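Chemist: need a structure here:
(one chain, ligands or ions: 1)
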Amino acid sequence: MTGRSVVAGVLVRDDRVLLGHRSPSRRWYPDVWDFPGGHVEPGEDGAAALARELREEVGVTPREAEPVLTVDDGDVHLVLYVVRAWDGDPRDLQPDEHDELRWVTAAELRGLRLAHPSYAGLVQRLVGPGPARDRAAAD
Ligand SMILES: Nc1nc2c([nH]c(=O)n2[C@H]2C[C@H](O)[C@@H](COP(=O)(O)OP(=O)(O)OP(=O)(O)O)O2)c(=O)[nH]1
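Modeler: Here you go, the predicted structure:
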C-alpha cells in the first residue's frame with residue numbers, strides 16, 4: 001500500500017445508494033460523484049475513520065459496515081464499506097465538499113461521472129436487478 005489511506009461508505013436504502021457530487025472547487029477529484037468518506041487519520045483504523053467521516057459529512061453513525069471494494073491507484077488506497085444500517089438521517093453537512101447528495105438506483109448511476117469506473121459494477125452488485133429478478137419479470 002503506497003497512497004493516501006481513504007475510507008468511504010456506500011449507504012444502501014431499498015434499491016438506491018447515497019452518492020455525493022464533489023464540488024468543482026475540490027482539490028482532488030472535482031466535479032465527480034463519489035461516496036461520503038475521507039482520509040484515515042493517524043491512530044485510526046478503517047472503521048473508526050468511516051464512522052467519523054460519515055458523522056461529519058452526512059450526520060449518520062453506521063451500525064454495521066462491511067468492506068466491499070478496494071481501489072488502489074498508487075495515489076489513493078481506498079476501502080469502500082457497504083452500510084445497510086445506521087443511526088441518524090443522512091443530510092449534507094458539508095456543502096462546500098459535496099454540493100449535492102442524491103439517492104440513485106444502479107440505472108441512474110450509469111449516466112453520472114463517477115470518481116472511479118468500478119463504482120458502477122459495485123452498485124449494480126449491491127442494488128441492481130439481479131438474474132433472479134430479471135427472470136421473475138420475464139415470467
Ligand atoms: N470521499 C471519497 N473520496 C474518494 C473516493 N474515491 C476516491 O478516489 N477518493 C479520493 C479523493 C481524495 O483524493 C481522497 C479523500 O477524499 P476527501 O477529499 O473526501 O477527503 P477528506 O474528507 O479527508 O477531506 P480533505 O480535508 O482531506 O480534503 O480520496 C470516494 O468514493 N469518496
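Chemist: how many neighbours does the residue of the chain at minimum distance from the ligand have?
Modeler: Per C-beta to the nearest ligand atom, Gly38 is where the chain lies closest to the ligand, at 2.4 Å. C-beta here means a position set from N, CA and C on the backbone, and glycine is covered the same way. Neighbouring residues of Gly38 were enumerated by other C-beta atoms under 10 Å; the total is 18.
Chemist: That one bridge partners, please.
Modeler: In this entry, Gly38 is beta-bridged to Val7, by DSSP bridges.
Chemist: just checking, it touches Val6?
Modeler: Yes: here Gly38 lies in contact with Val6, judged by C-beta atoms under 8 Å, at a distance of 6.5 Å.
Chemist: So stretch 40-51, near the ligand or not?
Modeler: No: taking C-beta under 6 Å from any ligand atom as the criterion, stretch 40-51 and the ligand are apart, separated by no less than 8.3 Å.
Chemist: which residues touch the most centrally placed residue in the chain?
Modeler: Taking C-alpha atoms, centre = their mean as the criterion, Phe35 is the residue nearest the geometric centre of the chain, at 2.7 Å. Residues in contact with Phe35 (C-beta atoms under 8 Å, 6 or more residues apart in numbering) are Ala8, Gly9, Val10, Leu11, Val17, Leu18, Leu19, Gly20, Leu80, Tyr119.
Chemist: What mean pLDDT does stretch 58-74 get?
Modeler: Averaged across stretch 58-74, the pLDDT comes to 96.
Chemist: Restricting the selection to alpha carbons, write it to CSV.
Modeler: Taking Å, rounded to 0.1, in the frame of the first residue of the first chain, the C-alpha atoms of stretch 58-74 are listed here in CSV:
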residue,chain,number,x,y,z
VAL,A,58,-23.8,13.3,6.4
GLY,A,59,-24.7,13.1,10.1
VAL,A,60,-25.1,9.3,10.4
THR,A,61,-23.4,6.7,12.6
PRO,A,62,-23.1,3.3,10.9
ARG,A,63,-24.5,0.4,12.9
GLU,A,64,-22.7,-2.1,10.7
ALA,A,65,-20.2,-1.7,7.9
GLU,A,66,-18.6,-4.3,5.7
PRO,A,67,-15.6,-3.8,3.3
VAL,A,68,-16.7,-4.4,-0.3
LEU,A,69,-14.2,-2.9,-2.6
THR,A,70,-10.6,-1.7,-2.6
VAL,A,71,-9.3,0.8,-5.1
ASP,A,72,-5.5,1.4,-5.2
ASP,A,73,-4.3,3.7,-7.9
GLY,A,74,-0.9,4.4,-6.3
